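> From the sequence below, what's the structure:
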Amino acid sequence: MESLKFSEYLQKILSDAVSLCAQMEASGLLIMLDAPIDWKRLKKFLGDTYFVVAATSREILEGADENEIKSVCLKLEEVAPVYDRITHAILEAVADDFVAPGSRLIALYSGFDTVGFDSISVINLGEHLERLTGKELRKIETKVPLKTLKMVVDLALEIGREGREGKSVGTLFVVGDTKNVLASSKPAGFDPVRGYKCKERELSDPRVREGIKEVAQLDGAFVVSQEGVVVSACRLLDASTAMITLSKGLGSRHWAAAAVSQRTNAIAIAVSQSSGTVRIFVNGEVALRIESRHSRPMVWREFDYDKPQSSN
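Numbering: from 1, shown residues only. A predicted model of the protein is given here:
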């Protein structure tokens with residue numbers, strides 16, 4: 001993959017971003033990369049300006065850690081809309097304690113150009129996240145550690161985007177307040193995680209995540225502790241929906257997610273089987289909606305046709 005060149009244009013737009021950062025008294029820069037860059041030169045050019053880099057590929061971020069550069073790798077397709085990529089970068093950066101939830105950032109990204117930067121935006125994290133979620137991120141964090149929430153949401157997005165064996169998969173995770181969640185649910189039958197040690201049920205383990213993707217095809221919800229351990233699977237939630245109001249078109253899985261999040265101090269994360277959309281429920285309401293599937297870019301090709309045969 002070809003690296004970004006430190007052209008006069010690149011240096012100029014970086015300088016403008018640094019100047020705007022100072023003028024707006026922002027906490028730092030959020031640099032959305034679509035190609036590798038010379039880390040040492042970038043770090044030297046930005047000087048004392050605090051910055052975080054984000055990309056959808058680990059290949060692009062290779063060498064960032066060695067140069068003590070804070071980076072986040074987004075689990076999104078390269079064709080994901082800019083808004084989604086910036087939003088995910090913010091969530092990742094906050095979860096990794098790179099930036100504070102209520103801070104202000106200057107985002108530098110490519111809005112139109114396929115390579116390089118062409119856009120600069122001022123992002124107030126509190127306002128940005130509130131527009132996206134309807135609630136401040138800090139209100140969510142008081143119920144479940146953001147690190148655990150991020151881990152579960154990432155897994156939910158993978159399930160919504162990938163499905164299993166070519167088929168769409170819908171599922172439900174309930175995170176936190178484990179004791180009350182178990183009391184508000186019952187086993188659907190066989191529990192695939194029962195009998196395993198805690199270390200063998202940690203979502204931070206890639207093997208566990210792959211196993212969860214397989215089990216997600218079964219009925220019922222996953223109950224996850226605040227520490228990111230799968231406590232139980234295939235649980236049927238038994239919480240009243242009498243006080244719940246949801247948008248039309250949402251099925252029983254979403255109603256159950258809303259109800260359990262209202263009845264307990266847990267956060268429910270539902271993956272829609274029809275659309276792959278991930279919704280986070282807090283206190284009986286949708287607090288965050290993330291689209292996991294994105295259309296593929298159109299492929300243009302020459303028009304093929306068979307020449308008519310001669311009648312002679």
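> quick one: the strands in the protein?
Counting by DSSP state E, the segments of the chain that form strands are 28-32, 51-55, 71-73, 104-109, 119-124, 171-175, 185-187, 221-224, 230-237, 267-271, 278-282, 285-290.
> average pLDDT across the first one?
When you say that, I think you mean strand 28-32. Throughout strand 28-32, pLDDT has a mean value of 94.
> Please name the residues that touch A233.
191-193, 212, 215, 218, 220-223 (CB atoms under 8 Å, 6 or more residues apart in numbering). C-beta coordinates here come from the backbone N, C-alpha and C atoms, glycine included.
> wait, L288 sits on T277?
No. The criterion here is CB atoms under 8 Å, and L288 misses it with T277 at 10.8 Å.
> related to what we said a few turns ago, which of the contacts of A233 are the two that sit furthest away from each other?
Checked with CB to CB, the contacts of A233 reach their widest spread between L218 and V223, with 13.9 Å between them.
> Those two - which one has more neighbours?
Neighbour totals were compared for L218 and V223, and V223 leads with 26 against 15 (other CB atoms under 10 Å).
> number of nearby residues for E214?
Other residues near E214 come to 12 when the count uses other CB under 10 Å.
> Please name the nearest non-neighbouring residue to it.
R164 (6.8 Å; CB to CB, 6 or more residues apart in numbering).
> That neighbour pairs with what?
K167 (DSSP bridges).
> T171: what's it in contact with?
T171 touches 156, 159, 216, 221-222, 253, 270-271, counting by CB under 8 Å, 6+ apart.
> what about the stretch 1-150 of the chain, any weak spots by pLDDT?
1, 75-80, 101, 113-115, 126-143 (pLDDT under 70).
> separation between K40 and R289?
K40 sits 40 Å away from R289, going by CB to CB, to the nearest Å.
> Same check on S119?
Distance of S119 to R289, given as CB to CB: 24 Å.
> tell me the helices in this structure, going along the chain?
Counting by DSSP state H, the chain has helices at residues 8-23, 39-46, 82-95, 125-133, 137-141, 146-162, 178-183, 206-215, 252-263.
> Quick check: phi and psi at the nearest residue in space to Q273 that is not next to it in sequence.
Leaving aside its sequence neighbours, Q273 sits nearest to G170 (CB to CB, 6+ apart; 2.9 Å). The phi and psi values for G170, taken as degrees, to the nearest 10, are phi -110, psi 140.
> What residues does G170 make contact with?
Per CB under 8 Å, 6+ apart, neighbours of G170: 253, 270-274.
> Now the buried members of these.
Buried members of the contacts of G170, scored by 16 or more other CB atoms under 10 Å, are 253, 270-273.
> Can you tell me which of those is closest to E92?
Closest to E92, out of all of the buried ones among the contacts of G170 and judged by CB to CB, is V271, at 19.4 Å.
> residues near S185, how many?
Around S185 there are 22 residues (other CB under 10 Å).
> is it in a bridge, and if so with what?
Where S185 sits in a bridge, its partners, by DSSP bridges, are L237.
> ok now do it, which residues does it touch?
Listed by CB under 8 Å, 6+ apart, the contact partners of S185 are 174, 221, 223, 235-238, 260.
> can we see that at 7 Å?
Contact criterion CB atoms under 7 Å, 6 or more residues apart in numbering gives 235-238 as the residues in contact with S185.
> Report the separation between it and T171.
Separation of S185 from T171 (CB to CB) stands at 14 Å.
> And F51, by the same measure?
For F51, the distance to T171 - CB to CB - is 37 Å.
> what does E59 give?
On the measure of CB to CB, E59 and T171 end up 30 Å apart.
> same thing with V94?
Separation of V94 from T171 (CB to CB) stands at 25 Å.
> ok, how many other residues are close to the closest residue to V215 other than its chain neighbours?
Residue nearest to V215 in three dimensions, not counting chain neighbours: P192, with 4.8 Å by CB to CB, 6+ apart. For P192, the neighbour count with other CB under 10 Å is 16.
> Could you identify which of the helices of the chain is most buried?
Most buried of the helices of the chain, by mean neighbour count (mean count of other CB atoms under 10 Å): helix 252-263, with a mean of 23.
> tilt between it and strand 171-175?
Counting by axes from the mean of the first three to the mean of the last three CA atoms, to 10 degrees, helix 252-263 points 10 degrees away from the direction of strand 171-175.
> Which secondary structure elements does helix 252-263 sit against?
On a contact count with 3 or more CB pairs under 7 Å, 6 or more residues apart in numbering; DSSP states H and E, helix 252-263 meets strand 171-175, strand 230-237, strand 267-271, strand 278-282.
> Now do that helix, average pLDDT.
87.
> next one: that helix to chain centre, how far?
21 Å (CA atoms, centre = their mean, to the nearest Å).
> What's the local residue count around K5?
Using other CB under 10 Å: K5 sits among 13 other residues.
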